[in-house]
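Peer 1: Just to be clear, the model below is a prediction. Sequence and coordinates:
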Amino acid sequence: MVFSIDTALMAVLFILPAYFANATPVLLGGGTPIDLRRNFFDGKRLFGDGKTLRGFAAGIVSGALIAGLEAYLLPGTQFAFLPSPQLILLSGWMLSLGTMLGDLAGSFIKRRLGMDRGNPSLILDQLFFLFVALAFAYPFAAAVITIESFIFLVALTYVLHVGTNFAANKLGLKSVPW
Ligand code: CTP
Ligand code: MG
């Protein structure tokens, strides 16, 4: 298969619910942490203060809304990355759920490794959610998750991570550019 501009664009449209689910909690999160401030057996927090109920819910809902929009708009166009609106919807919902559970699992692992909240880990912060999201969506979206699109999405997610953190630092939203 040739990896054309069209396949790249379709890969971006496919992954969009995951990106929305991942980004929304930063803007809308806060309040009660999911672990209710409880510790694990090792005496460290289960997930930490960075994982809140509101952020979790906001992430799932925003990703699910994008999936709904795509399922409505894309069928019948050249960018319909799956053959039916139902598959586009289910794929997007599973991406949203997988993103938020993967994000939670990433924080769980970070806490077990003794990393404080906000301590950056490229794999656990930015790529782990992607892998979990893709695994969740795979039963519905195997047709779009090719080796080519997988490599493309890993690279794109990495570049977006570096780019958004650099921009957030320049805008004064973050004290460090990573
Ligand atoms: N956030 C949230 N609820 C979630 C996920 C994220 O409220 N389920 C918000 C929090 O304000 C969090 C911010 O989004 O601080 C950035 O998310 P993330 O980088 O995943 O969390 P960190 O604070 O870096 O914590 P961790 O070290 O556990 O990743
Ligand atoms: Mg973080």
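Peer 2: Received it, and whenever you're ready, just let me know what you need. Numbers count the residues shown, from 1 in each chain. Ligands and ions are numbered 1, 2, ... in the order given.
Peer 1: What helices and strands are in contact with the longest helix anywhere in the chain?
Peer 2: Looking across the chain with DSSP state H, the single longest helix is helix 85-112. Applying 3 or more Cβ pairs under 8 Å, 6 or more residues apart in numbering; DSSP states H and E, one finds that helix 85-112 contacts helix 5-28, helix 53-73, helix 128-141. The C-beta positions use only the backbone N, C-alpha and C, and glycine is treated the same way.
Peer 1: So which residues on the protein come close to ligand 1?
Peer 2: Listed as neighbours of ligand 1 in the chain under the rule Cβ under 6 Å from any ligand atom: 25-26, 29-30, 48, 50-52, 55-56, 103, 107, 110, 117-119, 125.
Peer 1: Format the helices and strands packed on helix 85-112 as CSV; extra columns: mean pLDDT, distance to Ile88 and mean neighbour count.
Peer 2: Shown next, in CSV, are the helices and strands packed on helix 85-112 (pLDDT from 0 to 100; distance: least, Cβ to Cβ, whole Å; neighbours: other Cβ atoms under 10 Å):
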stretch, mean pLDDT, distance to Ile88, mean neighbour count
helix 5-28, 95, 8, 20
helix 53-73, 98, 4, 19
helix 128-141, 97, 9, 20
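Peer 1: closest one to Lys44 among the ones you listed?
Peer 2: Minimum separation from Lys44 across the helices and strands packed on helix 85-112 (Cβ to Cβ) falls at helix 128-141, 18.4 Å.
Peer 1: In terms of secondary structure, what does the closest one contact?
Peer 2: Packed against helix 128-141, as judged by 3+ Cβ pairs under 8 Å, 6+ apart, are the following elements: helix 5-28, helix 85-112, helix 147-170.
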